[in-house]
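> okay, sequence plus prediction incoming.
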Amino acid sequence: MSILVVGSVAYDTVETVRERRERQLGGSASYFALAALGRVPVRCVGVVGDDFRQADLDLLASRGADTAGIVRAAGPSFHWSGRYHADMIERDTLRTDLGVFADFRPEIPAAWRDSEYLFLANIHPALQLQVLEAMAGPRLVALDTMNLWIGTTRPQLLAVLARVDVLLVNDGEARQLTGERSLARAARAIADLGPRRVVVKKGEHGALWFGPEGVLAVPAVILDDVVDPTGAGDSFAGGFMRSLALAGADRTDGDTPFRAAMLDGTVTASFCPEGFSVEGLLGADETRYAARLAELLAMMTP
């Protein structure tokens, strides 16, 4: 099984109450690929600048990511800078430099167009649609988006949603997209737009699954310490899609493999905030993963 992810490969400068880290590896595609934990090959499509460290591309490759779809362009790499509040939930964006990402036009290698699982990370809906047009017909397509695209590119976003199987959004984005205050009604409205399955991410409060066969609420794993929450949502997506690929799931299946994927995504995402950048994901091995999954299941068992 192969997963194709199209998204950002970037540098982040992150400041917390304890420390500041400059130009560390970030980007949606980076977190997604590393969250696969080497269990499923992840094909990465993105762009980096001539300032991007080869060591960071080598790190992705060493963890099972195929970086042949990451092109290097003249100019600076995408760079985001932010400061987290003391609660490690709220944050302020200090600077966003798109660099070469501003002119990003995804080019899917011919040999990758038959990828069975496709994750369209948070990029312009027109680019997401372009990727879909290039694919041979994946078994399952999942998409992430944000408030900016919902507010400024709604017609294009609706066009791509009509061809998507799973939408991942936070609760505010679900309400903004549909105009519904109730998340249950919002999920039904999203299903009418195309995605029959909706994941509503709620940060420290876990995630909600809305599918044809019902609803599942999954709590977040309780951590002793949160170091850097950046990338947790993309890590969830990586674990979620990895689980579906290992199960051989497709859009015609019932909810069972997707419910299991919600657990896998939650467990995987829980490692991300335990270190700066991708350090937490790099520390996740099979033993720690199994123990944390057991902990999550115990939290959900009466």
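Sure, I can see it.
> can you list the neighbours in contact with the strand or helix carrying residue 25?
Element membership for residue 25, per DSSP states H and E: strand 20-26. Applying C-beta atoms under 8 Å, 6 or more residues apart in numbering, the contact partners of strand 20-26 are 8, 10-15, 56, 59, 79-80, 228, 230-231, 276-278. Where C-beta positions appear, they are placed from N, C-alpha and C, glycine not excepted.
> helix or strand right after it?
Immediately after strand 20-26, counting by DSSP H and E, sits helix 28-35.
> packing partners of that next one?
strand 3-6, strand 42-49, helix 54-62, strand 65-73, helix 232-247, helix 279-282 (3 or more C-beta pairs under 8 Å, 6 or more residues apart in numbering; DSSP states H and E).
> quick one on the thing from earlier: for the strand holding residue 25, buried residues please.
By 16 or more other C-beta atoms under 10 Å, the buried positions in strand 20-26 come out as 21, 23, 24, 25, 26.
> swap in stretch 272-292?
272, 273, 274, 276, 277, 278, 279, 280, 281, 284, 289, 292.
> in JSON lines, list these along with distance to residue 34 and pLDDT.
Formatted as JSON lines, the buried residues of stretch 272-292 follow (distance: C-beta to C-beta, whole Å; pLDDT from 0 to 100):
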{"residue": "272", "distance to residue 34": "9", "pLDDT": "97"}
{"residue": "273", "distance to residue 34": "14", "pLDDT": "97"}
{"residue": "274", "distance to residue 34": "13", "pLDDT": "97"}
{"residue": "276", "distance to residue 34": "14", "pLDDT": "96"}
{"residue": "277", "distance to residue 34": "10", "pLDDT": "97"}
{"residue": "278", "distance to residue 34": "5", "pLDDT": "97"}
{"residue": "279", "distance to residue 34": "10", "pLDDT": "97"}
{"residue": "280", "distance to residue 34": "10", "pLDDT": "97"}
{"residue": "281", "distance to residue 34": "5", "pLDDT": "96"}
{"residue": "284", "distance to residue 34": "9", "pLDDT": "93"}
{"residue": "289", "distance to residue 34": "13", "pLDDT": "95"}
{"residue": "292", "distance to residue 34": "16", "pLDDT": "96"}
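> hang on, the earlier thing: looking at the helices and strands packed on helix 28-35, which is buried most?
The highest mean neighbour count among the helices and strands packed on helix 28-35 belongs to strand 3-6 (a mean of 28), with neighbours defined as mean count of other C-beta atoms under 10 Å.
> tell me the angle of the helix or strand just after that strand relative to helix 28-35?
As assigned by DSSP H and E, the chain's next helix or strand after strand 3-6 is strand 10-15. Orientation check (axes from the mean of the first three to the mean of the last three C-alpha atoms, to 10 degrees): strand 10-15 against helix 28-35 gives 90 degrees.
> nearest to residue 195, of the buried residues of strand 20-26?
Nearest to residue 195 among the buried residues of strand 20-26: residue 26, at 26.4 Å, using C-beta to C-beta.
> who's in contact with residue 166?
140, 141, 142, 143, 195, 197, 198, 199, 258.
> rerun that using 10 Å as the cut-off
119, 140-144, 195-199, 209, 211, 237, 240-241, 244, 251, 258, 261 (C-beta atoms under 10 Å, 6 or more residues apart in numbering).
> just the ones of the residues you listed in strands?
Judged by DSSP state E, these include 119, 140, 141, 142, 143, 144, 197, 198, 199, 209, 211 as members of strands.
> from memory the first one sits against residue 31, does it?
Translated: residue 119. No. Residue 119 sits out of contact with residue 31 when judged by C-beta atoms under 10 Å, with a separation of 11.3 Å.
> okay, and the common contacts of those two?
Joint contacts of residue 119 and residue 31 (C-beta under 10 Å, 6+ apart) are 5, 7, 234, 237, 238.
> from those residues, which two are the most distant?
Using C-beta to C-beta, the two most remote members of the shared contacts of residue 119 and residue 31 are 7 and 238, lying 10.6 Å apart.
> hey, what's in contact with both of the two?
Residues touching both residue 7 and residue 238 (C-beta under 10 Å, 6+ apart): 28, 29, 30, 31, 32, 33, 119, 121.
> out of those, grab the one that's most surrounded.
For the shared contacts of residue 7 and residue 238, the largest number of neighbours (other C-beta atoms under 10 Å) sits with residue 33, at 34 neighbours.
> for the residue nearest to that residue when sequence neighbours are not counted, give its distance to residue 183.
Distances taken as C-beta to C-beta, 6 or more residues apart in numbering place residue 65 nearest to residue 33, at 3.9 Å, with adjacent residues excluded. Per C-beta to C-beta, to the nearest Å, residue 65 is found 33 Å from residue 183.
> now residue 82
Relative to residue 183, residue 82 is positioned 27 Å away (C-beta to C-beta).
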